[in-house]
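Asks: Pasting a predicted model and its sequence here:
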Amino acid sequence: MWCRTRAGPRAGRALAHTTWNPTTPWKKRFGWETEAFRFRIHTWSVADHGSGRKKTNRTWLGTCASSATQGREPVDDACESQSDGTSGEEGTNDRNNGSDPIPNGTEARGIANAGVELGPLPTSEQSETLLKIRHTSAHVMAMAVQQIFKDAQVTIGPWIDNGFYYDFDLQAPLSDKDLKKIKKKMRYIINKNLPLVREEVSREEAEKRIKELGEPYKLEILQGIQEEPITIYHIGKEWWDLCAGPHLETTGQINAKALELESVAGAYWRGDEQREMLQRIYGTAWETEEQLERYLTMKEEAKKRDHRKLGKELDLFSIQEGAGGGLVFWHPKGAMVRHIIESFWKDTHLSSGYELLYSPHVAKLELWKTSGHFDFYKENMFDSMDVEDETYQLKPMNCPFHIVVYQDGYRSYRDLPIRWAELGTVYRYERSGTMHGLFRVRGFTQDDAHIFCLPEQITDEICGVLDLVEEILSTFGFKTYEINLSTKPEKAVGTDDIWTMAEESLVAALERKHWSYKLDQGGGAFYGPKIDVKITDAIGRQWQCSTIQLDFNLPERFNLEYVTPENGRARPIMIHRAIFGSIERFFGILVESYAGMFPIWLAPVQAQLLPVSDAQVDYCNKVASEMRAEGLRVEVRTGERLAKLIRNAEVQKIPVLLVAGQNEAENNGISVRTRVDGDLGQLPVKEVITRMKEKVHSKCSACKLT
């Protein structure tokens, strides 16, 4: 094994009558309790593992694990990843197995309005004990597989945030029945309480033993190991594998009742679709049965929050394979939510001193050669195209376009800082097996911004960005963050002085915000230090979201200058920053965090007007016209019995239902019910409009009208 560290209704009864009594509670009126208003608990989304964890100082770790960035230097880390935190294992066919983001040790917040608290579940990174349990469980699983399937060959098998996996080369596909056999054999090995013994051998001895086993994958792994001696871990005297550790002392220290094999997926060897297709078994292991039960419950509930499922049910978006994989089609409701998000983003940036840019979708290839993207990022770019004897390239990044605008003019130190923001759509090649709903696509819109400033302005500008991050993310309900500061790596551009100044400026900005942070020493990009912000959603999951990246490389490549007070020339500091990461991915996170139940200000349809009978249809249309005139998004639904109309509104997760019967029509009122308040009874139409407009203006995350 070669390991890598990661441092992730009830159907209503038919109405017995159609007489509308506005003083009767809805439950009694309709003979049933509406499911949407019961606000059931939905937890956990499906997202990818491979969360950009810290690399350890073991250079062996990760040499064989496939990675989207393996073998290349990142060019623009702040703008590079459309899905920071969910990149996954490249070449994996099934990206939803054993890979859900889980509460990361910070206290998980209760689901909005549900009155339920979810306690934290520790990750492998946070618990050395869990890491060893999962690592040892992976070895035990590999041993069990090879004892059951004599032709099985093992490859890599790391621990991940909430479990482990192992890749096997097998002649026949594994079934659920096979997983049960493997789990039974694992329990047998655990109960034998076999010792795990570490052995150091020479490269020659390791190669000799591997050849005796006839394990070509292990031989390839051995060739990638740079350090000596080579370490091997044995389970008793029955099985061994290449491994750097760590492990439990014995197999008996694994709690067999807190272990589960979850699923099987396909994965290309080394993430290369030209190489062998392997079978990956995902498992999870915990210290206690209670932890396992909570995890499995959360994972089951994740299916209900899956943004792909909800996107279809709520008619928000689709990915039409006939038109091309990884390309998002925004339906009217999803497009409305996106419009609201983007309008808020633009307004907030303009009020914070930014100017907006729009840039083309293609440019000559020479631009990407100058920026370095063609050299370092070519495998993630679509093929170039010839236009009138010149070569053009779909843009994978926005930053060179902003630089071109900077160059188109005379820049003085008096002009700095310059803050330019753009919702720029970019295109990146992703293998078909790696795409995942809105989280990993081929065309997506980055909420990009670039700041050009003087060295002494860095701290103030970073503080301004952090303030903006907090203002924007908290508006969507994300108020718990984890901050990571990554510093100079061994290979870097720029002088030590400018790196020291930049790192001290980032620290000063974080301290000014009174934000604690984790230090990733040496984890910065080669062209500058960075700050990463992980958000915590409504049920305690972490998502990599905002990135603030200093860049000493591109100003040098493009020869950017400004005129100094002494009338000389100097390089500006360039800051890349993204708050959402991408609109598509952030939208997916929102759908899952809200479980599809958008707050009033974001909901594509804020209210539905439902007539008790056809006699009230005209009145509902009149009220709807009044509400639309005040900027509210409302619909009138007719053609079904009232119970069916209500049920349909629940399925569509409409935040406010407005029912009109004879009494309401006669009194210019409307009977109101929301997901949070329940039945508010009959209110004057003008009062309902006023209350809803207040919630929209305040961007209240709840659906209360009281």
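Replies: Yes, it's here. Numbering: from 1, shown residues only.
Asks: Can you list the residue ranges for helices in the stretch 251-400 of the chain?
Replies: If you assign secondary structure with DSSP state H, counting those that start in this stretch, the helices in the stretch 251-400 of the chain sit at 289-305, 307-313, 332-351, 365-371, 373-376, 399-407.
Asks: Which one of those lies nearest to residue 187?
Replies: Among these, helix 289-305 comes nearest to residue 187, with 13.8 Å by C-beta to C-beta. Heads up, the C-betas are built off the backbone N, CA and C, glycines and all.
Asks: so what secondary structure elements neighbour the closest one?
Replies: Using 3 or more C-beta pairs under 8 Å, 6 or more residues apart in numbering; DSSP states H and E as the contact definition, the elements that helix 289-305 packs against are strand 259-268, strand 277-285.
Asks: just those strands: most buried one?
Replies: Comparing the helices and strands packed on helix 289-305 by mean neighbour count (mean count of other C-beta atoms under 10 Å), strand 277-285 comes out on top with a mean of 23.
Asks: I'd like to check the angle between that strand and helix 289-305, please.
Replies: Our comparison of strand 277-285 with helix 289-305, counting by axes from the mean of the first three to the mean of the last three C-alpha atoms, to 10 degrees, yields an angle of 120 degrees.
Asks: mind giving me CSV with the helices of the stretch 251-400 of the chain and columns for mean pLDDT?
Replies: Formatted as CSV, the entries for the helices of the stretch 251-400 of the chain read as follows, by pLDDT from 0 to 100:
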stretch, mean pLDDT
helix 289-305, 86
helix 307-313, 95
helix 332-351, 97
helix 365-371, 91
helix 373-376, 85
helix 399-407, 95
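Asks: out of those, nearest to residue 596?
Replies: With respect to residue 596, and counting by C-beta to C-beta, the nearest of the helices of the stretch 251-400 of the chain is helix 307-313 at 4.2 Å.
Asks: Which other helices and strands does that closest one contact?
Replies: Under the contact definition 3+ C-beta pairs under 8 Å, 6+ apart, helix 307-313 sits against strand 317-319, helix 583-594.
Asks: can you tell me which of the helices and strands packed on helix 289-305 the model trusts least?
Replies: If those are sorted by mean pLDDT, strand 259-268 sits at the bottom with a mean of 92.
Asks: just checking, what packs against that strand?
Replies: Helices and strands in packing contact with strand 259-268 are listed as helix 176-191, strand 277-285, helix 289-305; criterion 3+ C-beta pairs under 8 Å, 6+ apart.
Asks: Out of those, which is closest to residue 606?
Replies: Taking C-beta to C-beta as the criterion, residue 606 comes closest to helix 289-305 out of the helices and strands packed on strand 259-268, the separation being 21.8 Å.
Asks: Low-confidence bits of the stretch 351-500 of the chain, can you list those?
Replies: Along the stretch 351-500 of the chain, segments meeting pLDDT under 70 are nowhere present.
Asks: All the strands of it, in order from the start?
Replies: 355-356, 362-364, 385-387, 390-394, 418-427, 443-453, 481-486 (DSSP state E, counting those that start in this stretch).
Asks: Next, residue 599: secondary structure please.
Replies: With DSSP: H, G, I helix; E, B strand; the rest coil as the basis, residue 599 sits in coil.
Asks: Would you mind measuring from it to residue 590?
Replies: Residue 599 sits 10 Å away from residue 590, taking C-beta to C-beta, to the nearest Å as the criterion.
Asks: Residue 545 too?
Replies: For residue 545, the distance to residue 590 equals 11 Å [C-beta to C-beta].
Asks: likewise residue 217?
Replies: 41 Å.
Asks: which residue sits closest to residue 316, ignoring its sequence neighbours?
Replies: Leaving aside its sequence neighbours, residue 316 sits nearest to residue 334 (C-beta to C-beta, 6 or more residues apart in numbering; 3.4 Å).
Asks: what about residue 360, how many neighbours?
Replies: Here the count is done by other C-beta atoms under 10 Å, and residue 360 has 11 residues near it.
Asks: Am I right that it is in contact with residue 395?
Replies: Yes. Taking contact to mean C-beta atoms under 8 Å, the distance of 7.4 Å between residue 360 and residue 395 places them in contact.
Asks: which residues do the two both contact?
Replies: Any residue near both residue 360 and residue 395 by C-beta atoms under 8 Å, 6 or more residues apart in numbering counts here, and that gives residue 401.
Asks: could I get the helices and strands packed on strand 259-268 as a markdown table with distance to residue 667?
Replies: Output for the helices and strands packed on strand 259-268, formatted as a markdown table (distance: least, C-beta to C-beta, whole Å):
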| stretch | distance to residue 667 |
| --- | --- |
| helix 176-191 | 61 |
| strand 277-285 | 58 |
| helix 289-305 | 40 |
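Asks: any idea which of these is most buried?
Replies: Mean neighbour count (mean count of other C-beta under 10 Å) peaks for strand 277-285 among those, with a mean of 23.
Asks: Can you name every helix or strand that that strand contacts?
Replies: Packed on strand 277-285, when contacts are counted by 3+ C-beta pairs under 8 Å, 6+ apart, are helix 128-148, strand 163-169, strand 259-268, helix 289-305.
Asks: Next, report how far the second one is displaced from the centre of its chain.
Replies: In this view, strand 163-169 has its centroid 23 Å away from the chain centroid, taken as C-alpha atoms, centre = their mean, to the nearest Å.
Asks: Mind listing the strands that strand pairs with, and their directions?
Replies: Sheet pairing of strand 163-169 (DSSP bridges) gives strand 153-154 (antiparallel), strand 159-160 (antiparallel), strand 277-285 (antiparallel).
Asks: Of all these, which one comes closest to residue 248?
Replies: Of all those, the one in closest proximity to residue 248, counting by C-beta to C-beta, is strand 277-285 (10.6 Å).
Asks: quick check: angle from that closest one to helix 128-148?
Replies: Put simply, strand 277-285 runs at 130 degrees to helix 128-148, going by the same axes, to 10 degrees.
Asks: and the angle for strand 277-285 with helix 176-191?
Replies: Put simply, strand 277-285 runs at 50 degrees to helix 176-191, going by the same axes, to 10 degrees.
Asks: Figure out how far strand 277-285 is from the centre of its chain.
Replies: Relative to its parent chain, strand 277-285 has a centroid offset of 22 Å by C-alpha atoms, centre = their mean.
Asks: Need the strands paired with strand 163-169 in a markdown table (columns: distance to residue 193).
Replies: A markdown table is the format used below for those (distance: least, C-beta to C-beta, whole Å):
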| stretch | distance to residue 193 |
| --- | --- |
| strand 153-154 | 23 |
| strand 159-160 | 21 |
| strand 277-285 | 16 |
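Asks: between the ones you listed, which gets nearest to residue 406?
Replies: Nearest to residue 406, of all these, is strand 159-160, at 41.5 Å by C-beta to C-beta.
Asks: just to revisit the earlier point, can you convert the helices of the stretch 251-400 of the chain into TSV and add a column each for distance to residue 438?
Replies: Listed next are the helices of the stretch 251-400 of the chain as TSV, based on distance: least, C-beta to C-beta, whole Å:
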stretch	distance to residue 438
helix 289-305	13
helix 307-313	6
helix 332-351	10
helix 365-371	26
helix 373-376	24
helix 399-407	23
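Asks: Tell me which of those helices lies nearest to residue 687.
Replies: helix 332-351 (24.1 Å).
Asks: could you redo the helices and strands packed on helix 289-305 as JSON lines and give each row distance to residue 355?
Replies: As requested, the helices and strands packed on helix 289-305 are arranged in JSON lines below (distance: least, C-beta to C-beta, whole Å):
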{"stretch": "strand 259-268", "distance to residue 355": "44"}
{"stretch": "strand 277-285", "distance to residue 355": "47"}
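Asks: Nearest to residue 665, out of these?
Replies: With respect to residue 665, and counting by C-beta to C-beta, the nearest of the helices and strands packed on helix 289-305 is strand 259-268 at 55.2 Å.
Asks: May I have the closest one as CSV, with CA atoms only?
Replies: Output in CSV follows, covering the C-alpha atoms of strand 259-268 (Å, rounded to 0.1, in the frame of the first residue of the first chain):
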residue,chain,number,x,y,z
LEU,A,259,-16.3,-0.4,10.8
GLU,A,260,-18.2,-0.5,7.5
LEU,A,261,-17.4,-1.1,3.9
GLU,A,262,-19.4,1.4,1.9
SER,A,263,-19.1,1.0,-1.9
VAL,A,264,-17.0,0.1,-4.9
ALA,A,265,-15.9,2.6,-7.6
GLY,A,266,-13.7,2.5,-10.7
ALA,A,267,-10.4,4.4,-10.6
TYR,A,268,-7.7,4.6,-13.2
